[in-house]
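> no sequence for this one, just the structure:
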């Protein structure tokens, strides 16, 4: 249905975002990332789009780009515990333990 909506209005932010989310849940991470990237072009000020793109990148094993996306999300909304928590996951996978601990600690501080 999101694809049909985008055939009618190709730059519909919500359809791009939600189709990206659906692709991620189906395990089609590259398609999810493409949709999140397109959604970012439509609205570059939505922190959750960067956050979700970071999750898909992380699931693909692209930890550096995931960290960049989580960092962008945090720079836009620095009160979301999940943003720090997921960046901590990516940092841990890169064996950057002290940075991961700092992010986990911030996530706990924001929402224990």
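Ah, there it is. Worth saying up front: this structure is predicted, and the values here are computed from it rather than measured.
> what helix or strand is the closest residue to residue 5 other than its chain neighbours on?
Leaving out its chain neighbours, the residue that sits closest to residue 5 by Cβ to Cβ, 6 or more residues apart in numbering is residue 15, at 4.3 Å. All C-beta atoms are positioned from the backbone trio N, CA, C, and that covers glycine. Following DSSP states H and E, the helix or strand that holds residue 15 is helix 13-25.
> I'd like to know which elements that helix is packed against.
Applying 3 or more Cβ pairs under 8 Å, 6 or more residues apart in numbering; DSSP states H and E, one finds that helix 13-25 contacts helix 2-8, helix 29-42, helix 47-59.
> among these, which is nearest residue 81?
Each of the helices and strands packed on helix 13-25 was scored for nearness to residue 81 using Cβ to Cβ, and the closest is helix 47-59 (11.5 Å).
> mind giving me the packing neighbours of that closest one?
Packed next to helix 47-59, using 3+ Cβ pairs under 8 Å, 6+ apart, are helix 13-25, helix 29-42, helix 63-76, helix 81-93.
> give me whichever of the ones you listed is most buried.
helix 81-93 (a mean of 21; mean count of other Cβ atoms under 10 Å).
> just after it, pick out the following helix or strand.
That would be, after helix 81-93 and using DSSP H and E, helix 97-110.
> quick one: mean pLDDT for that following helix?
Averaged across helix 97-110, the pLDDT comes to 98.
> check stretch 69-81 too.
For stretch 69-81, the mean per-residue pLDDT is 98.
> so how far is residue 4 from the nearest residue to residue 91 once chain neighbours are set aside?
Nearest residue to residue 91, sequence neighbours excluded (Cβ to Cβ, 6+ apart): residue 100, at 3.9 Å. Going from residue 100 to residue 4 by Cβ to Cβ, to the nearest Å gives 41 Å.
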